[in-house]
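Novice: the following comprises the amino acid sequence and a computationally predicted model.
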Amino acid sequence: MKSHAKGVVIGGGVVGCSVLFHLARHGWTDVVLLERDELTSGSTWHAAGGMHTINGDPNVAKLQKYTISLYKEIEELSGQATGVHLTGGVLLAATEARLDWLRGVVSKGRYLGIDLEVILAKEAAELMPLIDPKQFVGAVRNKEDGHLDPSGVTHAYAKAARKLGAEVERFTKVEDIVRRPDGLWRVITNRGDVITEQVVNAGGLWAREVGRMVGLELPVLAMEHMYLITEDMPEVADWNKKTGTEIIHAVDFDGEIYLRQERGGMLMGTYEKANKVWSEFSTPWNFGHELLEPDIDRIAPSLEVGFRHFPAFQKTGIKQIINGPFTFAPDGNPLVGPVRGLPGFWVACGVMAGFSQGGGVGLALSNWMIEGDPGADIWAMDVARYGDWATMTYTNAKVRENYSRRFSIRFPNEELPAGRPLKTTPLYDTLSAKGAQWGVAFGLEVPLWYAPEGVKDEFSWRRSTDFDHVGSEVAAVRNGVGLSEISSFAKYKVTGEGAAAWLDRLLACRMPKPGRMTLAPMLKEDGKLIGDFTLANVGEGDWFVAGSGVAEQYHMRWFEAHLPKDDSVQIKSLGQKLTGLAIAGPKARAVLAKVTRADVSNPAFPFMAVATIDIGMARCLVGRVSYTGDLGYEIWMPPEYQRAAYQALITAGEEFGIGMFGSRALNALRLEKNYGSWAREYRPIYGPLEAGLDRFVAYGKEAGFIGKEAAIAERKQGGKLRLRAFIVEATDADVIGDEAIWHDGVVRGWVTSGGYAHNAKKSIAMGYVPKEIADRPDGFEIEILGKRHAARIQATPLFDANFERMRA
Ligand SMILES: Cc1cc2nc3c(=O)[nH]c(=O)nc-3n(C[C@H](O)[C@H](O)[C@H](O)COP(=O)(O)OP(=O)(O)OC[C@H]3O[C@@H](n4cnc5c(N)ncnc54)[C@H](O)[C@@H]3O)c2cc1C
């Protein structure tokens, strides 16, 4: 075994082998995979081997499509059969709500290049003869579903990687990982040490144990999972004989089951409600090629539905039940990427669908390790979407919830209850008493809207019970003044003698003068966005930065990786050590003036001013800015002052009819201003020109900034896409995000977000289209729940296009 390597991959399951293959294919051949046993000694060997392109997140779906397309290549390169059967499949809907969901999936597929088609239940039964069509209301046909041989695929990756020059060491257990003073990693195994720059934790069932070696508690947990294999079935034999083809895959969402042909019989797997965690706290090292005891009672309710939906199962015997564990992250998507605070330590774990996702995970991770960028938008599987708050108990609650809902519908207005409330602000009880309906962002409870007594969200794809109430919250802001809790923003404090120069290079904007703020896009070397912030110069060399709450860990990882080595700059994420309130609307200044002795008149405290001001008794940092696009203020205070500041504002606001507003109203307000937001409109695949943030980029900044050359090139060449706001002729349902945008009868773009703008009384969608058509006045349609609705571009904001209200 080599004693030095550029990279070490820990774990020879499908994921580790894919990572190794991709690193080698990308040119890193001085890499070694360490496996404590034979390859596939974790969850990989007993997998059902199913593969699918669909995923709730379109970017993950793209990587799944890539994974499936890869099998031919690795088979040819390695000479190892992967056993791929690209049978195609049907996704079945037993309810209208499910069919609505599937229509959304089809809409996404259109711009992802995934060939999906809504079909009738009887057409599904013609394709998949075991279905009882009376049990379903419709289906979607997917030509890219199939199954494969899990062991064959894993060995094919490993053999292909070896052919390219990488090494695989079996029966080599990593026992510890130590960071040396020179920054290299010492990977300690039962067969000696390997010194390396880069370590990948692809430990699968043991990912937690490998993480703990470097002091990391990863939010992953294994669940038991069962599938059964039937005796040979005459229906299967007849079909094979009649058509010369295998029985295609089926996913029966409402039965929570999946099925496919397995030799002369069928395989049926289920995500049962009464699920069971496996090895809650740590995974035994002596577990390997074993199976767990089947427990048919646990899956009986799902099987009952399965046997009703697929009656041929009632007449056949069960040959075998497989029960094996595999790992999940709290939201069911993989955990991939570099770990904040551990340079050169990467994770590729929590991969619950290794045969659909393993290739994409390997591709993204190898790009990231070699090029410094994953090369795709992988936010949905970035390990940085979790922070320290994702504890073991939280993970346990969420993983169980996720498993039991694997095939359940999640409506756009549905908030999942497990693991909550976790983080709350001091106002939680006060706002709950006012009817706050809570959502969650980065573990923090966030008010979505305020419901009158007895009213709550009815889950739906269409406008629901909150509609009129959110409309009233919007009206309170636009007609008078509204107050909202904004603690969910990420807040950073930057100090030190080098702070200004560092921020100047990190951010693409011009630096504001003391007492001023600016919008601050942050770019990567390739000129694409990696953040958008509000940057405030609070004076005396101190800086305050506010950005997307969900991206706190993501941005801290970036900030810390770019800090100078000489300690001249300190950055601190304030998290909930700083809470916030916002007031907005034409009467906002009047309310503010009542609670402070400071001069908050327009000349003294103009748009984008920032100052430390007493709000009642509480000392706060106040910025004159509002995401509502109205006259407004963001007010920041340590949590111990939040109630006092809130009370002062609410009392002062009484005479102006102050009303509470939540994030759904905020969404409605920002949409009529054409404002985008991080993780929706602004993501690391768009350039500032494409995203409409170019006006905040100081292209001529002498000091330069990260991504400057690429940003200038984008400006010269014009980029490829444009972000646009559309008014949609919608009736009872608005866009959610990820819908297809059609132009002249062809799918040309995708929706990033949208909703109903109550003040303008318009349904609005924001999304990207090619620049060539981005200024066409008409010809657009946006697909909602399978129906195309006429849409037109709204170039100027519907509200306060001349910024008169905002700057007054
Ligand atoms: C019953 C069942 C059915 C499934 N069906 C499907 C399906 O149809 N489709 C699908 O896509 N997925 C399916 N899965 C999930 C799939 O098996 C996983 O997504 C996949 O196996 C994850 O692979 P991995 O490489 O991340 O982890 P693992 O397979 O667990 O591999 C991790 C490897 O790392 C090694 N290792 C760990 N720690 C160390 C160490 N310290 N030193 C050296 N080596 C170490 C282990 O020995 C192991 O070989 C199923 C799983 C089960 C249990």
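Specialist: The structure has been received and is ready for your questions.
Novice: which residues of the stretch 351-500 of the chain fall in helices?
Specialist: 354-371, 392-404, 428-433, 467-479, 499-506 (DSSP state H, counting those that start in this stretch).
Novice: any idea which of those helices is most buried?
Specialist: helix 354-371 (a mean of 26; mean count of other CB atoms under 10 Å). For the C-beta atoms, the positions are set from N, CA and C on the backbone; glycine is no exception.
Novice: so is it next to the ligand?
Specialist: Yes: Helix 354-371 reaches the ligand (CB under 6 Å from any ligand atom) through Gly354, Phe355, Ser356.
Novice: just to revisit the earlier point, reformat the helices of the stretch 351-500 of the chain as JSON lines; add mean pLDDT.
Specialist: Rendered in JSON lines, the data for the helices of the stretch 351-500 of the chain read as follows (pLDDT from 0 to 100):
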{"stretch": "helix 354-371", "mean pLDDT": "98"}
{"stretch": "helix 392-404", "mean pLDDT": "97"}
{"stretch": "helix 428-433", "mean pLDDT": "98"}
{"stretch": "helix 467-479", "mean pLDDT": "98"}
{"stretch": "helix 499-506", "mean pLDDT": "98"}
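Novice: to Asp630, which of these lies closest?
Specialist: Closest of the helices of the stretch 351-500 of the chain to Asp630 is helix 467-479, at 6.2 Å (criterion: CB to CB).
Novice: which outside residues touch the closest one?
Specialist: Applying CB atoms under 8 Å, 6 or more residues apart in numbering, the external contacts of helix 467-479 come out as 449-452, 455, 482, 584-586, 628, 630, 657-662, 664-665, 668-669, 756, 758-759, 799.
Novice: switch to 6 Å and redo it
Specialist: Contacts with helix 467-479, where a contact means CB atoms under 6 Å, 6 or more residues apart in numbering, come from Trp449, Gly482, Ala584, Gly585, Thr628, Gly659, Phe661, Arg664, Ala665, Ala668, His758, Asn759.
Novice: one more: stretch 605-617?
Specialist: Against stretch 605-617 from outside (CB under 6 Å, 6+ apart): 516-517, 536, 595-596, 598, 621-624, 644-645, 648, 807.
Novice: so how far is Leu20 from Pro514?
Specialist: Counting by CB to CB, to the nearest Å, the gap from Pro514 to Leu20 is 52 Å.
Novice: so what does the helix or strand of the chain with the lowest mean pLDDT touch, helix or strand wise?
Specialist: In the chain, no helix or strand scores lower on mean pLDDT, DSSP states H and E than helix 96-112, which sits at a mean of 91. Packing partners of helix 96-112 (3 or more CB pairs under 6 Å, 6 or more residues apart in numbering; DSSP states H and E): helix 58-78, strand 89-93, strand 116-119, strand 138-142, strand 740-743, strand 746-757.
Novice: what residues of it count as buried?
Specialist: 97-112 (16 or more other CB atoms under 10 Å).
Novice: what of stretch 456-469?
Specialist: Residues Asp457, Ser460, Trp461, Arg462, Arg463, Ser464, Thr465, Asp466, Phe467, His469 are the ones in stretch 456-469 that count as buried (16+ other CB under 10 Å).
Novice: relative to the ligand, which of those is nearest.
Specialist: Comparing those against the ligand with CB to the nearest ligand atom places Trp461 closest, at 28.0 Å.
Novice: number of residues surrounding Asp238?
Specialist: 11 (other CB atoms under 10 Å).
Novice: pretty sure it is in a strand, no?
Specialist: No: with DSSP: H, G, I helix; E, B strand; the rest coil as the criterion, Asp238 is located in helix rather than a strand.
Novice: for it, give its distance to Ile247.
Specialist: For Asp238, the distance to Ile247 equals 10 Å [CB to CB].
Novice: kindly report the same for Glu126.
Specialist: Glu126 is 12 Å from Ile247, by CB to CB.
Novice: also Gly88?
Specialist: Applying CB to CB to Gly88 and Ile247 gives a distance of 11 Å.
Novice: what about those two, which has more around it?
Specialist: Ile247 (22 against 18).
Novice: who touches the more buried one in this structure?
Specialist: Taking CB under 6 Å, 6+ apart, one finds Val236, Trp239, Gln261 in contact with Ile247.
Novice: can you tell me the closest non-neighbouring residue to it?
Specialist: Leaving aside its sequence neighbours, Ile247 sits nearest to Gln261 (CB to CB, 6 or more residues apart in numbering; 4.3 Å).
Novice: enumerate the residues of the stretch 351-500 of the chain near the ligand.
Specialist: Proximity of the stretch 351-500 of the chain to the ligand is confined to Val351, Met352, Ala353, Gly354, Phe355, Ser356 under the rule CB under 6 Å from any ligand atom.
Novice: pLDDT score assigned to the residue lying closest to the second one once chain neighbours are set aside?
Specialist: Read that as Met352. Excluding its sequence neighbours, the residue lying closest to Met352 (CB to CB, 6+ apart) is Phe328, at 4.9 Å. pLDDT, Phe328: 98.
Novice: and Asp115, by the same measure?
Specialist: 89.
Novice: ok, and what's touching stretch 672-688?
Specialist: 377, 521, 527-530, 532, 548, 550-551, 629, 691, 694, 697, 714, 719, 723, 725, 752-753, 757, 759-760, 766, 797-799.
Novice: and for stretch 294-305?
Specialist: Contacts for stretch 294-305 (CB under 6 Å, 6+ apart): Met226, Gly255, Glu256, Ile257, Thr270, Glu272, Ala274, Ile321, Asn323.
Novice: which element is the residue of the stretch 651-800 of the chain found nearest the ligand on?
Specialist: Nearest residue of the stretch 651-800 of the chain to the ligand, counting by CB to the nearest ligand atom: Asp738, 22.4 Å away. In the assignment (DSSP states H and E), Asp738 maps to no helix and no strand.
Novice: thought Gly56 was touching it, still the case?
Specialist: No: counting by CB atoms under 6 Å, Asp738 does not reach Gly56; the two are 8.9 Å apart.
Novice: what's the helix or strand for the residue nearest to Ile247?
Specialist: strand 257-262.
Novice: gap between that strand and the chain center?
Specialist: 28 Å (CA atoms, centre = their mean, to the nearest Å).
Novice: quick one, strands of the stretch 201-350 of the chain?
Specialist: Secondary structure of the stretch 201-350 of the chain (DSSP state E, counting those that start in this stretch): strands at 221-230, 249-252, 257-262, 265-270, 277-278, 318-328, 335-338, 345-349.
Novice: which non-adjacent residue is nearest whatever residue of the stretch 201-350 of the chain ends up closest to the ligand?
Specialist: Nearest residue of the stretch 201-350 of the chain to the ligand, counting by CB to the nearest ligand atom: Gly204, 2.0 Å away. Excluding its sequence neighbours, the residue lying closest to Gly204 (CB to CB, 6+ apart) is Gly42, at 3.8 Å.
Novice: burial count for that neighbour?
Specialist: 32.
Novice: residue boundaries of the strands in the stretch 651-800 of the chain?
Specialist: Secondary structure of the stretch 651-800 of the chain by DSSP E, counting those that start in this stretch: the strands cover 659-660, 721-728, 740-743, 746-757, 762-770, 780-784, 787-793.
Novice: reformat those strands as JSON lines; add mean pLDDT.
Specialist: Output for the strands of the stretch 651-800 of the chain, formatted as JSON lines (pLDDT from 0 to 100):
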{"stretch": "strand 659-660", "mean pLDDT": "98"}
{"stretch": "strand 721-728", "mean pLDDT": "98"}
{"stretch": "strand 740-743", "mean pLDDT": "97"}
{"stretch": "strand 746-757", "mean pLDDT": "97"}
{"stretch": "strand 762-770", "mean pLDDT": "98"}
{"stretch": "strand 780-784", "mean pLDDT": "97"}
{"stretch": "strand 787-793", "mean pLDDT": "97"}
